[in-house]
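S.K.: sequence first, then the predicted structure:
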Amino acid sequence: MILVLGGTTEGRKTIETLEEGGGTFFYSTKTGEQDVTLHHGQRIDGAMDREAMLRFCSEHDIRLIIDAAHPFARVLHETVASVAATLQIPAIRYERIYPPRDADITWIDDYQDIPRDIHTLLATTGVQSIARLKPLEAEGMKIYYRILPRESSIALARKQGATDEQLCYYEDGNSIDIDAEAILLKESGLSGGFPEKVEAARQRGMRIIALKRPQLMTAGCQLSTVNGPYGLRRAVERLLPDFYPLHSGLTTGTCATAAAIAATLQLLKQECPKEVDVLLPNGETIPVPVGYGDGYAYCIKDSGDDPDVTKGIEVRVSVQPSDTFEILGGEGVGTFTLPGFDFPPGEPAINKGPREMIRQNIERLTTPLHTGRGRGWVFTISVPGGEEIARRTFNPRLGIEGGISIIGVSGIIKPFSEEAFVDSIRKCMEVAKASGTERVVINSGAKSERFVRSLYPDLPRQAFVEYGNYIGETLRMANELGFRKVTLGVMLGKAVKLAEGQLDTHSRKGTMNLAFIQQMLDEINSKFKITNYKLTLARELWERLSKQEADAFARVVIRHCLQHCQPLLPDGELTILLIGDDGTIHSL
């Protein structure tokens, strides 16, 4: 069981991440005022001191604590560390992402360090800080307190001596409408709106004083720190392997980025760490294991539980100083030979996402190490055995020759990820569009494509795209890309679901509705009654119906499918082909 201490934006993200696992967890907030939706989680409210948390963890067999509380909740952080150490259970601190500390900001460690030459101050440090700022009022400083417009907050502010004249509220984002000489902020990170508050203060010419976030006190506990949902999930997978039925992995783009970082560290600082921090596109960082060879660094592809043929491959990167920044493809990395990708034919098959990841991570790493103008790097990515592996991927169909592609949008692979599969469909559709074909033929898989291909012998290979189960998504893509002629090849098992309006035909989204199938049979006045047979697969109908009934039934199924699919292609011509197990093709 997992105990989450939340009440923050990070708490919400923790809920979303844990809900993916389907296991039970507890979500605890101090006040109970945060509005969250829990499906597998159980909410508890009220502050817990050390003894209460020890008792709760023991009584509920807590095996992991996730501290997603506010960064300035110092007492709670220390309590979590102490409880975790005492019970010998791991803890994860979900930390915020913090921008660099700008030089035009006055950084202080405590409220008593606030400069005394300020006459008027806008304090945005929360209602709990009012009592600590009251001594400054006694010294003659005029202070306005900006708080949340909650009844509980207003009541507490008044209890600490704040007047109605001094109170202002967060009602219009982070804009500032108080005429004060200076502003006091907490270093609350990106999710706390710190950069926006700083920018608003700068626009008004205010002096900016920022209270530094407290340092974490681990008290000897086993503490992992993450700053985003992907890192959180991977930490939970490592610490509680059974919580997620399937584990996440890394894209080839993330592996190449990690190897590039390691190679650069080795070159510049003669350091060879066993793992490096990789900045992902969403702004969080995750640790990635790396290794070293003769003149290169490498990362072994961790695909998690995703059925990926690239699992376990070695992604190597070598680096050389240069006057420009270049990313080259070496052994085992394919080459684009067709239009429709992020880069033109002839370029190495390294997509825009990974290239940008490498650039951002190297700039982040090297800027503090050298500042010479024009200084750049040439990175060469190679994958031993990549050409052979590529034959078992979509690459040959996409016109990527000579090896695998270095890809990845998020940097993380979620097992059997809908997002990853839909992204691959989109790329195939874009390549089809770039091939110049007027018609795209979408099929559920290789078998249905083999039957349909004979009807369109003149279409290029790229015009045939597999949709898997994502019929609706693929048709929407066709519409977005401007295809005016679309052929949908579908076999009966998916067709009877589609005819009912199930645009995603995966079994986890919906099952075969026998009553609806019977309704369609009734439409052709068939005497066949499903209740008289133990029908387990839709395709059994081909054997049960006469040829005349099968042809009539196929037309009914196609008409129902068109009813749901045609609206997704409002300006196009949609042809639906219903394919029998023997290759017979039915159409209207």
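M.R.: Looks like it came in fine. None of these values were measured; they are calculated from a predicted model.
S.K.: tell me the contacts of the closest residue to Trp542 other than its chain neighbours?
M.R.: Leaving aside its sequence neighbours, Trp542 sits nearest to Gly580 (CB to CB, 6 or more residues apart in numbering; 5.5 Å). Glycine gets a C-beta too; all of them are placed from N, C-alpha and C. Gly580 makes contacts with Met491, Leu492, Trp542, Ala550, His586, as judged by CB atoms under 8 Å, 6 or more residues apart in numbering.
S.K.: what of Gly6?
M.R.: Gly6 touches Arg12, Thr14, Ile15, Tyr27, Ser28, Thr29, Gln34, Val36, Ala68, Ala69, counting by CB under 8 Å, 6+ apart.
S.K.: tell me the one among those residues nearest to Tyr170.
M.R.: Closest approach to Tyr170 among these (CB to CB): Gln34, at 15.1 Å.
S.K.: so that closest one touches Leu5, yeah?
M.R.: No: using CB atoms under 8 Å, Gln34 is not in contact with Leu5; the gap is 11.8 Å.
S.K.: find residues that contact each of the two.
M.R.: By CB under 8 Å, 6+ apart, the residues touching both Gln34 and Leu5 are Gly11.
S.K.: neighbour count: these two, which is higher?
M.R.: Leu5 (29 against 16; other CB atoms under 10 Å).
S.K.: pull the contacting residues for that one.
M.R.: Leu5 neighbours (CB under 8 Å, 6+ apart): Gly11, Ser28, Thr29, Ile65, Ile66, Asp67, Ala68, Ala69, Leu76, Val80.
S.K.: check which helix or strand covers Ala262.
M.R.: helix 252-269 (DSSP states H and E).
S.K.: how far away is Lys159 from Gly23?
M.R.: 41 Å (CB to CB, to the nearest Å).
S.K.: ok, the two, which is more surrounded?
M.R.: Here Lys159 and Gly23 are set side by side on neighbour count (other CB under 10 Å), and the busier one is Gly23, at 17 against 11.
S.K.: the more buried one contacts Phe243, doesn't it?
M.R.: Yes: counting by CB under 8 Å, Gly23 touches Phe243, with 5.1 Å between them.
S.K.: can you tell me the closest non-neighbouring residue to the residue nearest the centre of the chain?
M.R.: The residue lying closest to the centre of the chain (CA atoms, centre = their mean) is Ser410, at 5.7 Å. Nearest residue to Ser410 in three dimensions, chain neighbours excluded: Pro281, at 6.2 Å (CB to CB, 6+ apart).
S.K.: what about that neighbour, which SS state?
M.R.: Under DSSP: H, G, I helix; E, B strand; the rest coil, the three-state class of Pro281 is coil.
S.K.: state the distance from it to Thr264.
M.R.: Relative to Thr264, and taking CB to CB, Pro281 is found at 19 Å.
S.K.: between those two, who's got more neighbours?
M.R.: Relative neighbour count places Thr264 above the other of Pro281 and Thr264, with 24 against 17, counting by other CB under 10 Å.
S.K.: I'd assumed Ile381 was in a strand, is it?
M.R.: Yes: according to three-state DSSP, the state of Ile381 is that of a strand.
S.K.: circling back to that earlier point, go ahead and build a ChimeraX selection from the buried members of the contacts of Gly6.
M.R.: Selection of buried members from these for ChimeraX, criterion 16 or more other CB atoms under 10 Å:
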select :12,14,15,27,28,29,34,68,69
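S.K.: show me what the helix or strand Lys13 falls within is in contact with.
M.R.: Assigned by DSSP H and E, Lys13 falls within helix 9-19. Residues outside helix 9-19 that contact it (CB under 8 Å, 6+ apart): 2, 4-6, 25, 27, 29, 34, 36-41, 66, 68-69, 94-96, 191-192, 228-229, 232-233, 236, 243.
S.K.: would you mind checking those residues for buried ones?
M.R.: 2, 4-6, 25, 27, 29, 34, 41, 66, 68-69, 94-96, 191-192, 228-229, 232-233, 236, 243.
S.K.: can you tell me which of those residues end up in strands?
M.R.: Ile2, Val4, Leu5, Phe25, Tyr27, Thr29, Gly41, Ile66, Tyr94 (DSSP state E).
S.K.: ok, for the fourth one, nearest residue in space, not its chain neighbours?
M.R.: Beyond its immediate neighbours in the sequence, the residue positioned closest to Phe25 (CB to CB, 6+ apart) is Ile2, lying 4.0 Å away.
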